[in-house]
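Colleague: have a look; sequence and predicted model below, questions after that.
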Amino acid sequence: MRAPGATIGNVGLLRRIPLGALALASLVLVTTALIFAFYVAPNDANQGFSQRIFYFHVSIAFTAYVCFACGAWKALRHLWKRDPRADLESYVCVHQGIIFGAMVLITGSIWAKMSWGRWWVWSEDELVLFLVLYLFYCAYFMLRFSVDPGPQRANLSAVYALFGVVLVPVSFMAIRLAKELYHPRVFTLKGPNFGGWILVTYLVAQAAILVLAYTLYRIEIAGKRLDLRLRELREVLA
Amino acid sequence: MSYVSDVGALARKDLLLELRARDTLPAMLLFVAAVFVIFHFALPGTPSRLETTGFLWVAILFTALLGLGRAFVPEREQGTMDGLVLAPCDRSAIWLAKSLATLAFLAAAELVALPLYALFFHHVTGAMVLAVVLADLGICAVGTFLGAMAVVTRARDLLLPLLFLPLAIPIVVGAVGASVAHAPGKYLAFLALYDALFAVVCWGSFEFVVSE
């Protein structure tokens, strides 16, 4: 059953794309992005071949932010409009965010090893911010799974997910402030020439990861809805 | 005006309970003193002021967690939470009153902890005291809110530190920065910003934590 109010706007349009087409699109886009990143984009002048991980690391990080933001948006919808499907959608968004967040930490760690010879550097703002967010959203799962399903669980999860929106800028400021205190040196990764094929490759990779995330989101939500429906049917039969 | 008197009545109730039963504050005091002794043995040699400042903030945070963990437990155990929610007052008043009561306990614990720190380790500066005041506001506002969330879960006491510590990282940055930096103004301003932002969020969303 689909609530009539929830299918307006872009979200409704996106929802009408069949899952098979989405899966195919993400396969094609990810393959293209891989080809672009490894064969088309030029070698970086300072960092050489290892800089190519940038295309995936940055687009995965952006996608994770989008997932967390969507999770918070759905949480707001749950609290504000009492949209009955928003709770599950918010949870799935955060779940996808945490999967992509883990990938940010892994790719960032590999990049740090390649660039600075260490698996972890505290001087990289984005990476530290993701670590904080990762801890925060892991606690979200602990919270969600220690409350019985029902309106209270939905409320608590939604409120905690909304805290994330405040935590991101505040933590970012905090990490900047902390770096002034502990690491006065500033690293910059963006070279002066961020254009041409580098930009094209980045945009393709970004589109690929976003479509991939949306496909995974749709698959997970379809599975979760099926599971709920099955449980309801079992209860009716029992 | 009635909102203020509601908050006052609720906070007075918590303080009165603590005065009569004395479960939280003595535990916090004993804990912070024990932690300082542990720190002395955990830091071999003569630790610098930079190091002991960091440890002071760890001690404050964990002592606060001890108090925050207790904030809503009596309400749950004695079944008075439903009464509070049904009381004819704004629900956010419950959070505000609880935060104020917890703030009072934490401030009392720190009135002992800071002189003890000065006695055992290094002197306490004015900026440090200001940082303590500002950090306490944030710790109590966010911690009490999360305490109300944690108490309705199955995991209860286990969950509060997990929910609270990621949110406390900015407080630690601001507080340690204000304590050790030559120009603490920026860090104090950051702490004030944190307090204001999270106080508004907590105040606005507490309703959803206690109602279904």
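Modeller: Good, I have the coordinates. Numbers count the residues shown, from 1 in each chain, chains lettered A, B, ... in the order given.

Colleague: only C-alpha atoms from now on, for both contacts and neighbour counts.
Modeller: Noted.

Colleague: go through the host helix or strand of B:Y187 and flag the buried ones.
Modeller: If you go by DSSP states H and E, B:Y187 is part of helix B:185-210. By 16 or more other Cα atoms under 10 Å in any protein chain shown, the buried positions in helix B:185-210 come out as B:187-188, B:190-192, B:194-195, B:198-199, B:201-203, B:205-210.

Colleague: return the distance of that helix from the chain's centre.
Modeller: How far helix B:185-210 lies from its chain's middle: 13 Å, per Cα atoms, centre = their mean, to the nearest Å.

Colleague: that helix - contacts with which helices or strands?
Modeller: helix A:151-182, helix B:91-120, helix B:126-151, helix B:159-180 (3 or more Cα pairs under 8 Å, 6 or more residues apart in numbering or on different chains; DSSP states H and E).

Colleague: so which of these comes closest to A:L135?
Modeller: Closest approach to A:L135 among those is made by helix B:159-180 (6.1 Å; Cα to Cα).

Colleague: quick one on the thing from earlier: next, the angle from the helix holding B:Y187 to helix A:151-182.
Modeller: If you take axes from the mean of the first three to the mean of the last three Cα atoms, to 10 degrees, helix B:185-210 sits at 170 degrees to helix A:151-182.

Colleague: tell me the average confidence for helix B:185-210?
Modeller: Here helix B:185-210 scores 93 as its mean pLDDT.

Colleague: go on, stretch B:143-158?
Modeller: 89.

Colleague: and stretch B:45-56, by the same measure?
Modeller: Stretch B:45-56 comes out at a mean pLDDT of 88.

Colleague: tell me which element the residue most central in space within chain A falls in.
Modeller: Taking Cα atoms, centre = their mean, the centroid of chain A lies closest to A:A64, which sits 1.7 Å from it. According to DSSP H and E, A:A64 maps onto helix A:53-81.

Colleague: tell me which residues in that helix are buried?
Modeller: Buried, per 16+ other Cα under 10 Å, within helix A:53-81: A:53-79.

Colleague: which of those residues are close to chain B?
Modeller: A:L79 (Cα under 8 Å from any Cα of the partner chain).

Colleague: so the residue nearest to the centre of chain A versus A:W73, what's the distance?
Modeller: For A:A64, the distance to A:W73 equals 14 Å [Cα to Cα, to the nearest Å].

Colleague: please apply the same query to A:P42.
Modeller: A:P42 is 38 Å from A:W73, where distance means Cα to Cα.

Colleague: now swap in B:V133 and tell me
Modeller: To A:W73, B:V133 is 34 Å away according to Cα to Cα.

Colleague: check B:L119 too.
Modeller: 50 Å.

Colleague: could you do B:P44 as well?
Modeller: Distance of B:P44 to A:W73, given as Cα to Cα: 49 Å.

Colleague: before we move on, what about B:F145?
Modeller: As for B:F145, its distance to A:W73 is 21 Å (criterion: Cα to Cα).

Colleague: and the most far-flung residue of chain B relative to its centre, which of the three is it?
Modeller: The C-alpha centroid of chain B is most remote from B:G45, which lies 31.1 Å away (Cα atoms, centre = their mean). The assignment at B:G45 comes out as coil when based on DSSP: H, G, I helix; E, B strand; the rest coil.

Colleague: also A:G101?
Modeller: A:G101 - assigned by three-state DSSP - is helix.

Colleague: correct me, but it touches A:Y134?
Modeller: Yes - using Cα atoms under 8 Å, A:G101 is in contact with A:Y134, at 6.7 Å.

Colleague: for residue 167, list the residues it contacts.
Modeller: Since no chain was named, I'll use chain A. Contacts for A:L167 (Cα atoms under 8 Å, 6 or more residues apart in numbering or on different chains) come out as B:L167.

Colleague: not quite, go with chain B.
Modeller: A:F136, A:L167.

Colleague: circling back to that earlier point, more neighbours, A:G101 and A:Y134?
Modeller: Using other Cα atoms under 10 Å in any protein chain shown, the more surrounded residue of A:G101 and A:Y134 is A:G101, with 27 against 19.

Colleague: any idea how far the residue nearest to that one when sequence neighbours are not counted lies from B:T63?
Modeller: Leaving aside its sequence neighbours, A:G101 sits nearest to A:A64 (Cα to Cα, 6 or more residues apart in numbering or on different chains; 5.7 Å). In this structure, A:A64 and B:T63 are 34 Å apart, going by Cα to Cα.

Colleague: again, but for B:L17
Modeller: Here B:L17 is placed at a distance of 20 Å from B:T63 (Cα to Cα).

Colleague: the more surrounded of the two?
Modeller: Shown here are B:L17 and B:T63; by other Cα under 10 Å, B:T63 has more neighbours (24 against 13).

Colleague: per-residue pLDDT, the more buried one?
Modeller: 94.

Colleague: so who does it touch?
Modeller: Applying Cα under 8 Å, 6+ apart, one finds that B:T63 lies in contact with B:M28, B:F31, B:V32, B:L106.

Colleague: which PyMOL command selects the buried ones in these?
Modeller: A single PyMOL command selects the buried members of the contacts of B:T63 (16+ other Cα under 10 Å):
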select buried, chain B and resi 28+31+32+106
